[in-house]
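# Sequence first, then the predicted structure, then my questions.
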Amino acid sequence: MLRVVGTVRASLIQINVDPQEPVAERRARAAALVQEQAGSDLVVLPELWHVGAFAFESFAAAAEPLDGPTARAMSDAARDAGVWLHAGSIVEKALDGALCNTSLVFSPSGELARTYRKIHRFGFDKGEAVLMTAGTEPVTAPLPDTTLGLATCYDLRFPELFRALVDAGAQTFVIPAGWPAKRRAHWTLLARARAVENQSYVLACGTAGTHAGVEQAGHSVVFDPWGETLAEAGPGEEVLTVDLDPARVAKVREEFPALKDRVLGR
């Protein structure tokens, strides 16, 4: 792919989560996939790819600290590839023993630059909603050419989070997910809506496969600030690579200044 000057090249890795594959093997495979994206600026992995977003009974055993084996492997992969890496999320075992659905962002030097604990936990009165502690703060991650707004899966249904991220300077939303196939239409609809209403890029990276009996939607997708589809995956394991033009965010916001007309929530 020919690089356009001034663009940010992003690669989304829609990894297959197979319960028969040992976690250590999938971790090594994910690291190798990240390393293959050398030449990209930003690489993104899905939510809870190391264990499976619906494998609730495995969360406690799979929990790791922020310097655990998954974080170390992803740090090494980011450094080896020379990329910013949104390593999806892990089941974090916090210092107080609580479990959190925590996203990890590494710099090209392998430094853990940002963490984001998922604010909106899915499951209502079971699963993640009762097993994990919620995050409380929106998080952005400034890159050299764009500022990322971090959200995870179920967060996609709560537009107020994305407004807060825009107010904090976000131009590109990164949304790792383990979204179920039976609600795939919502995945695409909501991701496009977050792009259009906030005039921002959306990088929505899901998983492939079936885990804990839940078929995954796949269909990772990238939308531009006007809601146009730049790339979309199929249902299986796949890597999407697309060039983002950071100047397009400012251009769309200037030509159609809807954000300036906000009345509520400011």
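Great, that's in hand.
# the strands in the stretch 51-200 of the chain, which residues?
84-93, 99-106, 112-117, 139-142, 147-150, 172-176 (DSSP state E, counting those that start in this stretch).
# For the longest helix anywhere in the chain, name the packing helices and strands.
Assignment by DSSP state H gives helix 184-198 as the longest helix of the chain. On a contact count with 3 or more Cβ pairs under 8 Å, 6 or more residues apart in numbering; DSSP states H and E, helix 184-198 meets helix 159-167, strand 172-176, strand 201-205, strand 221-223. Every C-beta, even on glycine, is put in place using the N, C-alpha and C of the backbone.
# pLDDT on the first one, on average?
What helix 159-167 shows for mean pLDDT is 97.
# Please name every helix or strand in contact with that helix.
Against helix 159-167 (3+ Cβ pairs under 8 Å, 6+ apart) you get strand 147-150, helix 184-198.
# List the buried residues of the longest helix of the chain.
184, 187-188, 190-196, 198 (16 or more other Cβ atoms under 10 Å).
# between it and strand 201-205, how many degrees?
160 degrees (axes from the mean of the first three to the mean of the last three Cα atoms, to 10 degrees).
# Helix 184-198 vs strand 172-176, what angle?
Going by the same axes, to 10 degrees, helix 184-198 makes 160 degrees with strand 172-176.
# contacting residues around helix 184-198?
156-157, 159, 162-163, 165-166, 170, 173, 175, 177, 179, 200-202, 204, 206, 217, 219, 221, 223-227, 229, 258-259 (Cβ atoms under 8 Å, 6 or more residues apart in numbering).
# Quick one, which of those residues are buried?
Counted by 16+ other Cβ under 10 Å, the contacts of helix 184-198 give 156, 162-163, 165-166, 170, 173, 175, 177, 179, 200-202, 204, 206, 217, 219, 221, 223-225, 227, 259 as buried.
# For the residue nearest the centre of the chain, report the pLDDT, please.
Central residue of the chain (Cα atoms, centre = their mean): residue 176, 2.6 Å from the mean position. Residue 176 carries a pLDDT value of 98.
# Tell me how far it lies from residue 250.
Going from residue 176 to residue 250 by Cβ to Cβ, to the nearest Å gives 26 Å.
# same question, residue 193
21 Å.
# Then residue 185?
Taking Cβ to Cβ, one finds residue 185 at 31 Å from residue 250.
# OK, contacts around residue 171?
Counted by Cβ under 8 Å, 6+ apart, residue 171 has contacts 146-147, 149, 200-201, 246, 249.
# Identify, from the residues you listed, the entry nearest to residue 47.
Using Cβ to Cβ, residue 149 comes nearest to residue 47 of the contacts of residue 171, at 15.7 Å.
# Show the contacting residues for the closest one.
138-140, 162, 165-166, 168, 170-174, 200.
# Return the distance of stretch 9-26 from the chain's centre.
With Cα atoms, centre = their mean, to the nearest Å as the basis, stretch 9-26 stands 14 Å off its chain's centre.
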